[in-house]
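In: Build the 3D model from these lines:
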Amino acid sequence: MINPVVGHIALGVYALLLAVGGVMGFVRARSKASLISGLLSAAFAVVALVFALTRSAFGFPLGLTLALCLFVLFGYRYSIRNRKFMPSGLLALVSLVMIGTMVVVMDWSP
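Out: Numbers count the residues shown, from 1 in each chain. All right, here's what the predicted structure looks like:
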């Protein structure tokens, strides 16, 4: 297990990337769905961060669940629907990195 601060920083950066991505999708394509889903995903990442900062057992598993869901969603969109790296491929890759980070940071001791 590595220092939990790494997980805290990763969740904060992940939340920021999700929020900025949602806003950029709205600005570029006037996509309200991108704005809502980006900000909602960022809010879940912030909730996971707050739980992790308070040393709750739900913080990192919630971050892992969010990253898994977004990896499946964006991985599907990248591989099946359009093969464009931006934004689907990039978010799938970032979510995969977050999955690895959350697994390494979580405390697996009974």
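
In: name the element the one residue sitting closest to the centre of the chain belongs to?
Out: Nearest to the geometric centre of the chain sits A67, at 4.6 Å (C-alpha atoms, centre = their mean). In the assignment (DSSP states H and E), A67 maps to helix 59-76.

In: Could you pull out the buried residues of the next helix or strand after that helix?
Out: Counting by DSSP H and E, the next helix or strand C-terminal to helix 59-76 is helix 90-105. Going by neighbour count (16 or more other C-beta atoms under 10 Å), the buried part of helix 90-105 is 91-92, 94-96, 98-99, 101-102, 105. Just so you know, the C-beta spots here come from the backbone N, C-alpha and C atoms, and that holds for glycine as well.

In: Okay, now the unreliable bits of this protein?
Out: Scanning the chain for pLDDT under 70 picks out the ranges 1, 109-110.
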